[in-house]
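**Student:** one predicted model, sequence on top.
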Amino acid sequence: MKIAILDCHAVNPGDLSWEPIKEIAECVIYERTSQEQVVERAKDADGILINKVNITREVLEQLPRLKYIGELATGYNNIDVAAAHERGVVVCNIPAYSTDSVAQHVFALLLNAATRVDHYAEAVRRGEWSKQQDFCYWDTPLVELAGKTLGIVGLGNIGKKVAMIAHAMGMDISACTSKNSSDLPECIRKTTLEGLLSTSDVISLHCPLTAENTRMINADTLKGVRRGAILINTGRGGLVDEQAVADALESGQLAAYCADVLTEEPPRADNPLFRQPNAFITPHIAWATRDARERLMAICVQNIKQFIAGEPQNEV
């Protein structure tokens with residue numbers, strides 16, 4: 001089996017090994033591949049491994065040899081799965097590899113918004129504490145999370161992990177989910193999106209991006225958010241209207257927006273969120289701990305082995 005790995009740098013910038021894949025397939029590896037280079041680089045491959053490269057119907061039509069697409073991520077909205085199925089191409093993703101890492105990042109963002117650790121660490125470096133007459137110093141609101149309500153939109157692996165951590169911290173938890181109430185842990189109550197937005201002190205988005213929920217957080221829905229809420233997005237940038245979120249921060253409707261994802265990545269320098277002091281944005285790194293990437297690579301290898309054996313796993 002010949003495999004072309006088209007955009008490996010984000011997953012493996014050099015600190016992990018491709019040897020386990022090389023042991024089971026002939027590999028050609030590219031750190032990055034532009035959309036214009038996809039067909040040329042993949043035309044002789046039986047399988048491709050991709051992370052963010054778009055595999056459209058038009059691309060697939062030009063790759064008659066292709067039989068396998070391995071998505072080096074959980075989300076696969078960069079692949080025209082219907083077109084792949086029509087051509088008999090197996091598509092496999094990597095589920096649940098980053099659950100602990102992303103949930104950890106959610107609380108890194110939330111705790112920073114609640115206690116402004118970044119602000120105070122920098123203030124101490126600048127000598128602000130040293131100038132004070134009192135033993136302590138603060139100039140922002142400090143928020144205790146225990147007793148606050150966390151609303152989770154999407155209760156998959158990551159959403160459930162976030163709920164369990166929040167419960168351990170003493171937070172009340174509601175969720176907008178397709179799961180039945182009877183299937184939820186006792187600590188989670190099911191609600192509608194409108195109910196969740198209006199009653200939550202913290203809102204965390206954990207749903208995949210679809211045509212139906214694109215910009216689900218927009219100027220209209222933000223009017224229904226409890227004033228002063230914290231909004232967290234580690235799902236997909238397209239779940240929110242970024243200009244509307246920036247406006248809500250400006251008006252105080254939102255106290256903070258914490259995100260690891262943006263609609264355009266890398267973002268334009270004039271993204272309206274960057275002008276907001278209470279927008280805390282990290283550069284799509286929640287998934288990228290070494291532990292998570294090692295799990296991703298191990299599952300990727302197993303996916304290929306199962307495909308070769310005629311028993312694909314994690315097929316989408």
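**Tutor:** Now that the structure is in, tell me what you want to look at. Numbers count the residues shown, from 1 in each chain.
**Student:** now the strands for this structure?
**Tutor:** Secondary structure of the chain (DSSP state E): strands located at 2-5, 26-29, 47-50, 68-71, 90-92, 149-153, 172-176, 188-190, 202-205, 229-233, 254-259, 279-281.
**Student:** which stretches of the stretch 1-150 of the chain have low pLDDT?
**Tutor:** Along the stretch 1-150 of the chain, the model assigns pLDDT under 70 to no residue.
**Student:** which residues in it form helices?
**Tutor:** Counting by DSSP state H, counting those that start in this stretch, the stretch 1-150 of the chain has these helices, from start to end: 19-22, 38-42, 57-61, 81-86, 99-115, 117-125.
**Student:** could you give me the buried positions within the third one?
**Tutor:** What that stands for is helix 57-61. Within helix 57-61, the residues scored as buried using 16 or more other C-beta atoms under 10 Å are 59-60. C-beta: built from backbone N, CA, C; applies to glycine.
**Student:** same question, stretch 264-274
**Tutor:** Quick answer for stretch 264-274 (16+ other C-beta under 10 Å): 267, 271-273.
**Student:** residues near Asn77, how many?
**Tutor:** By the criterion of other C-beta atoms under 10 Å, Asn77 has 15 neighbours.
**Student:** pretty sure it sits against Ala211.
**Tutor:** No - between Asn77 and Ala211 there is no contact under C-beta atoms under 8 Å: 9.9 Å.
**Student:** overlap in contacts of those two?
**Tutor:** When contacts are counted by C-beta atoms under 8 Å, 6 or more residues apart in numbering, Asn77 and Ala211 have no shared neighbour.
**Student:** quick one: contacts for Cys258?
**Tutor:** Contacts of Cys258 (C-beta under 8 Å, 6+ apart): 109-110, 112-113, 230-233, 280-281.
**Student:** a markdown table for these, including neighbour count and distance to Phe135?
**Tutor:** Formatted as a markdown table, these follow (neighbours: other C-beta atoms under 10 Å; distance: C-beta to C-beta, whole Å):
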| residue | neighbour count | distance to Phe135 |
| --- | --- | --- |
| Leu109 | 24 | 29 |
| Leu110 | 26 | 27 |
| Asn112 | 16 | 23 |
| Ala113 | 22 | 25 |
| Ile230 | 24 | 29 |
| Leu231 | 27 | 34 |
| Ile232 | 25 | 33 |
| Asn233 | 26 | 37 |
| Phe280 | 21 | 28 |
| Ile281 | 18 | 33 |
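**Student:** could I get those as a markdown table with distance to Leu6?
**Tutor:** Formatted as a markdown table, these follow (distance: C-beta to C-beta, whole Å):
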| residue | distance to Leu6 |
| --- | --- |
| Leu109 | 31 |
| Leu110 | 35 |
| Asn112 | 35 |
| Ala113 | 36 |
| Ile230 | 37 |
| Leu231 | 34 |
| Ile232 | 31 |
| Asn233 | 27 |
| Phe280 | 32 |
| Ile281 | 27 |
